[in-house]
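[1] from the sequence below, what's the structure:
(chains A, B, C and D, ligands or ions: 6)
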Amino acid sequence: MKKIINEPDNYLKEMLSGIYIAHEDMVTCTDGDLQCLVSKHKKEGKVGIATGGGSGHLPLFLGYVGEGMLDGCCVGDVFQSPSADQMLAVTKEIDSGAGVLYIYGNYNGDIFNFDMAAEMADMEEDIRVETVLGADDVASAGPSAPGEKSTRRGVAGIFFVFKCAGAAADKMMDLDNVKRIADKANANVRTMGVALTPCVVPRVGKAGFSIGEDEMEIGMGIHGETGIRRGKIEPADQIVDEMLGQIVADLPYESGDEVAVLVNGLGATTLDEQYIVTRRIDKVLSEKGISVHRYYVGEYATALEMAGFSISLLKLDDELKEMLDSDAKTPFFRQ
Amino acid sequence: MKKIINEPDNYLKEMLSGIYIAHEDMVTCTDGDLQCLVSKHKKEGKVGIATGGGSGHLPLFLGYVGEGMLDGCCVGDVFQSPSADQMLAVTKEIDSGAGVLYIYGNYNGDIFNFDMAAEMADMEEDIRVETVLGADDVASAGPSAPGEKSTRRGVAGIFFVFKCAGAAADKMMDLDNVKRIADKANANVRTMGVALTPCVVPRVGKAGFSIGEDEMEIGMGIHGETGIRRGKIEPADQIVDEMLGQIVADLPYESGDEVAVLVNGLGATTLDEQYIVTRRIDKVLSEKGISVHRYYVGEYATALEMAGFSISLLKLDDELKEMLDSDAKTPFFRQ
Amino acid sequence: MTSFKNAEAGLIVDQLIKTIQEQRDYLSEIDGKIGDGDHGINMNKGFTMCEEKLSHMTYNLSEAFSTLGETLLDDIGGSMGPLYGMLFDEMAMACEDAEDIDAEVFGEMLVNAVEGIQEISPAKVGDKSMIDTLVPAKEAFIAAKEEGKEFVQCLEAMNDAAERGWQSTKDLVAKIGRASRLGERSRGVLDAGATSCYFIVTGIGKAAIGLLK
Amino acid sequence: MTSFKNAEAGLIVDQLIKTIQEQRDYLSEIDGKIGDGDHGINMNKGFTMCEEKLSHMTYNLSEAFSTLGETLLDDIGGSMGPLYGMLFDEMAMACEDAEDIDAEVFGEMLVNAVEGIQEISPAKVGDKSMIDTLVPAKEAFIAAKEEGKEFVQCLEAMNDAAERGWQSTKDLVAKIGRASRLGERSRGVLDAGATSCYFIVTGIGKAAIGLLK
Ligand SMILES: Nc1ncnc2c1ncn2[C@@H]1O[C@H](COP(=O)(O)OP(=O)(O)O)[C@@H](O)[C@H]1O
Ligand SMILES: Nc1ncnc2c1ncn2[C@@H]1O[C@H](COP(=O)(O)OP(=O)(O)O)[C@@H](O)[C@H]1O
Ligand SMILES: [Mg+2]
Ligand SMILES: [Mg+2]
Ligand SMILES: [Mg+2]
Ligand SMILES: [Mg+2]
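    Residues are numbered from 1 along each chain as shown, chains lettered A, B, ... in the order given. Ligands and ions are numbered 1, 2, ... in the order given. Presented below is the predicted three-dimensional model:
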């Protein structure tokens, strides 16, 4: 394990301390628990938006707490859900009477804990909580039947859900409408990733799997979950074509559609490469008659120091476009 | 070489194309040459600020072209200076009568080419050009004697020089004053880095050196230049103490000083680790009686996919503080 | 004996904590094969936090289970926090009013534990999870009790079933949790949660038998 | 013969381009030992761009040198662009008015080339750079000429000195360029720029000798 760390047991606390030091104008913790992060800018009467999940994905999730996006976030140890109690503490802190929306990725542990938190918020605190589960990873499972719960994992595309719901709440919409917009963004976002190297969870100390020196794995999840295909590494354009082909076919995104694109680095992949990828995406989409309203390129949801990237597409209508384009100011994202 | 690229020969052009696509609202190229990037927001009568150097350091340098920072930038192939002609083209494009300031790192090839460009700008185009050479890397050489040219390399600390000079130009100061402020920032910034892994230049295709699985190299440059000490990897706090000790002693930064701190990831090092480092820096500086006005944490000047980080300190006075705090809006940096 | 005193049975949890601490590396090793290698770390963290809390208390069995369940639920997170948290919480509640714990009370503790877990997790027997240990263990206990076996024998039946259930996970393909991403590749190794559940169930069982003898 | 025709000597540059293309991998390999491994790639890129430009032209030696110099200066960047750009630019200017190139003209070409480079680079003989090849080569040529040697002999002296200068870099510690960061560790291998400069100087020398014979 080649990392700039101290005792792995102190990793989470030390990392969080650094965040509060560097961004003390924007975020603070609640309940005396570093893992419970809330925005310093509380807007009375606004719907609160909370997220949470395991650490190891910065700037996801902590980095999006601030004006125009999220109000609170609860993180667990690396790749490990925080507890229901912690999520409840955040929920209580960010509620100002208009209720709270949970937006988080579709993972077992998170669901167990946040469902419990939502129940306690409702029963013990009289706070109405609604939930939207990010499940954008096309590679993780087939599409769900109508009315069925999705079994897909939530990955980088959740950024778009945060952004749109955050804007809606910031415009003082009520909980039903904020949820409606989050649901709409969620229903229109699709992602696929590719990984070139594994990553090491500090408390484990070694990689849980390996990828050959000349190999890549298309569809790998942001905790190293198995993808859909492992093979020899290919030229960037070919990789993009395969990933984008599956993404576009899934919703499907069609000629005449307008989209936002997120090119997301997983950790060790350079911005240079991400722009090389962006160039190809632009070409492919324009050939398909899909126009791009906005590009986001950079690290938005990482998997520790994994090399690789993901592509997310969000299909836009006028409402989503307005939400996406509105201002936001968080430790990691300014627009 | 494990990278998401196509033909290494097309690396630069493809990467640049992606940048223009993703940030078409902010930047464009001049002279029909993708390597000559200029801001779309030209402010009449403002001193122009240009930088340049080899690629492979994103967001340095391209990413800082925009409002309140730089006006133009010229990049060469990875780790390779662009040509004098290209720098001249950028110079002509960004000059609006008030002259142009070059701010770039203290490297042979860049100096050769940009000095020539400055000469041509003066002789052929009647544009006054002044130059400030970033030379903040404490590990690269001893301090220069008064009046002597520094032989230190320029690394991440140049971000502070860009920021302060950019703000000065944006406030419509004249070339002498913009240069004075750039010089002042430059004189008050010090950096040191540490690397854990090498990086691969695409056109070379393999790492030029290796670092053992349990080793680090303190003081390595952002092109892999040899550092001051190679040894077993140590706990984060110990690494920070060594680096910060040398930085603080060099200027020196003293009790009662106010500074800005830049914690810069070199490419593959997670934000988590950078925050762990931030936490320690904060502790050490506060013990020394040095107060921190602002932290910047993230990737500001990378060395492709190298793992490691650098620490930069900028000593502030009221003027520099005003410059540092003013707004900026570029593809990679918003404040 | 046909029952043991709730007041004297807090040591069951003491022994459980020691067992998990001893098995930490083994549990992580098993999780490392088809999961992410942290199961022992997660379990050890929760149980050790509970140990610390108990060190400031005097406690009977229901209080100890309650402390353990709350610690796992409130402080650990992950999937295991809620699942095992629920298990111990339910076991605590099912015996909190009992001065003596007999086969009847113990049976109820097991039934409620399984129900509690199934309330939050959709995992079924055969999905390759802790459920593959827990459910057969509960059923074996209840069946033995209904056949009129003695408490000790019921516990022995439970322990045997737990072991068989645990071992059965080796040949299963994971349908739940991280390992389910591996599909066919998850076959051939034991499940980490089923393993910890084996240590927990049989740990309780053996300690209870000790108290009954 | 004591001179060759400028008009007929464009092929010197043709041969130079081929030599650099052939030596590409060798130059990168040498640069890889104490530099960043791209010297052959950089040189090949510049010379091949020049080849492409020349393919649309007819050219004498001064025009060919001028095209090569401009290409390196304008399009290549790096340290080598300006340094070799200056070298060829100065050589071009020193012979552009000469119909015949004799030892006098050629000597001036060398002198101006060295001066041009020294205007932009502080490198001295012994610093482990292209200068260690170029300066002794120039001096040997001038010395031979002043001793009254024939043009061909002067060129042979130049070539010999270039080779000795090149080889001398092996035992030097780099004081300039990337390799200077290595200090003592830069000793023991040849310098990449000195190597390309050897191929360039002797390439010109041999081709000129060919024209004179
Ligand atoms: N939905 C579930 N229901 C029951 N058990 C589960 C479920 N999800 C996971 N498990 C159990 O959890 C175990 C892994 O636990 P652990 O490693 O602590 O958590 P994680 O998978 O988050 O790293 C698996 O071996 C499995 O037995
Ligand atoms: N200031 C200088 N003066 C003369 N030659 C130099 C100077 N700096 C570098 N060189 C030469 O450049 C060579 C390396 O060239 P190259 O690899 O193309 O450029 P870079 O060092 O930028 O990768 C060195 O071997 C050395 O001979
Ligand atoms: Mg885990
Ligand atoms: Mg180079
Ligand atoms: Mg696990
Ligand atoms: Mg080189």
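[2] residues in contact with the nearest residue to A:Asp71 once chain neighbours are set aside?
    Sequence neighbours aside, A:Ile94 is the residue nearest to A:Asp71 in space, at 4.0 Å (criterion: Cβ to Cβ, 6 or more residues apart in numbering or on different chains). (Glycine included, C-beta is placed from N, CA and C.) If you count contacts by Cβ atoms under 8 Å, 6 or more residues apart in numbering or on different chains, A:Ile94 has them with A:38-39, A:42, A:48-50, A:71-72, A:100.
[3] out of those residues, which end up buried?
    A:38-39, A:48-50, A:71-72, A:100 (16 or more other Cβ atoms under 10 Å in any protein chain shown).
[4] any chance of TSV for those, columns secondary structure?
    Converted to TSV, the buried ones among the contacts of A:Ile94 look like this (DSSP: H, G, I helix; E, B strand; the rest coil):
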residue	secondary structure
A:Val38	strand
A:Ser39	strand
A:Gly48	strand
A:Ile49	strand
A:Ala50	strand
A:Asp71	coil
A:Gly72	strand
A:Val100	strand
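[5] including pLDDT, could the residues you listed go into a markdown table?
    As requested, those are exported to a markdown table (pLDDT from 0 to 100):
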| residue | pLDDT |
| --- | --- |
| A:Val38 | 98 |
| A:Ser39 | 98 |
| A:Gly48 | 98 |
| A:Ile49 | 98 |
| A:Ala50 | 98 |
| A:Asp71 | 98 |
| A:Gly72 | 98 |
| A:Val100 | 98 |
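[6] in these, find the pair that's most separated.
    Checking the buried ones among the contacts of A:Ile94 against each other with Cβ to Cβ, the farthest-apart pair comes out as A:Ser39 and A:Val100, at 13.0 Å.
[7] what distance separates the start and the end of stretch A:201-217?
    Start and end residues of stretch A:201-217 are separated by 19 Å (Cα to Cα, to the nearest Å).
[8] which residues are contacting it?
    Outside stretch A:201-217, the residues touching it (Cβ under 8 Å, 6+ apart) are A:1, A:3, A:5, A:8-9, A:11, A:56, A:77-79, A:194-200, A:224, A:226-227, A:229-234, A:239, A:304, A:308, B:2, C:28, C:32, C:35-38, C:41.
[9] okay, buried residues for that stretch please.
    Counting neighbours by 16+ other Cβ under 10 Å, one finds that the buried residues in stretch A:201-217 are A:201-204, A:207-209, A:211, A:216-217.
[10] over to stretch A:142-157?
    A:150, A:152-157.
[11] please enumerate the helices of the stretch 151-300 of chain A.
    Remark: helices of the stretch 151-300 of chain A, listed N- to C-terminal, are A:158-170, A:175-187, A:236-250, A:271-287; assignment by DSSP state H, counting those that start in this stretch.
[12] actually chain C, sorry about that
    C:11-34, C:39-54, C:61-71, C:80-95, C:103-120, C:131-146, C:151-168, C:192-212 (DSSP state H).
[13] convert the C-alpha atoms of the longest one to CSV, please.
    Read it as helix C:11-34. The C-alpha coordinates for helix C:11-34 follow below in CSV (Å, rounded to 0.1, in the frame of the first residue of the first chain):
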residue,chain,number,x,y,z
LEU,C,11,-20.6,-13.7,30.3
ILE,C,12,-22.0,-15.2,27.1
VAL,C,13,-21.4,-11.8,25.5
ASP,C,14,-18.0,-11.5,27.0
GLN,C,15,-17.0,-14.8,25.3
LEU,C,16,-18.6,-13.7,22.1
ILE,C,17,-16.5,-10.6,22.0
LYS,C,18,-13.4,-12.6,22.6
THR,C,19,-14.3,-15.0,19.8
ILE,C,20,-14.8,-12.3,17.3
GLN,C,21,-11.6,-10.6,18.3
GLU,C,22,-9.7,-13.9,17.8
GLN,C,23,-11.4,-14.6,14.5
ARG,C,24,-10.8,-11.1,13.1
ASP,C,25,-8.0,-11.9,10.6
TYR,C,26,-9.7,-15.1,9.6
LEU,C,27,-13.0,-13.3,8.8
SER,C,28,-11.2,-10.7,6.8
GLU,C,29,-9.2,-13.3,4.9
ILE,C,30,-12.4,-15.1,3.9
ASP,C,31,-14.1,-11.8,2.9
GLY,C,32,-11.0,-11.0,0.9
LYS,C,33,-11.6,-13.9,-1.5
ILE,C,34,-15.0,-12.7,-2.9
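[14] and it, anywhere near ligand 1?
    Yes: shown here: helix C:11-34 in contact with ligand 1 (Cβ under 6 Å from any ligand atom) through C:Asp31.
[15] so who does the nearest residue to C:Ala94 once chain neighbours are set aside touch?
    Among residues not flanking C:Ala94 along the chain, C:Met109 sits closest, at 4.2 Å (Cβ to Cβ, 6+ apart). Residues near C:Met109 by Cβ under 8 Å, 6+ apart: C:90-91, C:94-95.
[16] which single one of those is nearest to chain B?
    C:Glu90 (36.5 Å; Cβ to the nearest Cβ).
[17] return the residues in contact with the closest one.
    Counting by Cβ under 8 Å, 6+ apart, C:Glu90 touches C:69, C:109, C:112-113, C:115-116.
[18] at 6 Å what do you get?
    C:Glu90 makes contact with C:112-113, C:116 under the criterion Cβ atoms under 6 Å, 6 or more residues apart in numbering or on different chains.
[19] re the thing from before, measure the residue nearest to C:Ala94 to ligand 3 for me?
    According to Cβ to the ion, to the nearest Å, C:Met109 and ligand 3 sit 28 Å apart.
[20] on the pLDDT front, check that residue for me.
    The score at C:Met109 is 98. That number is its pLDDT.
[21] grab the nearest non-local neighbour of whichever residue of chain A sits closest to ligand 6.
    Closest residue of chain A to ligand 6, Cβ to the ion: A:Asp272 (19.0 Å). Closest residue in space to A:Asp272, ignoring its immediate chain neighbours: B:Met15 at 4.6 Å, by Cβ to Cβ, 6+ apart.
[22] burial count for the one you found?
    By the other Cβ atoms under 10 Å in any protein chain shown criterion, the neighbourhood of B:Met15 contains 28 residues.
[23] give me the pLDDT value at residue 146.
    Answering for chain A, as no chain was given. Reading off the confidence values, A:Pro146 has pLDDT 87.
[24] looking at chain C here, not the other one
    Residue-level confidence at C:Glu146 comes out at 97, pLDDT.
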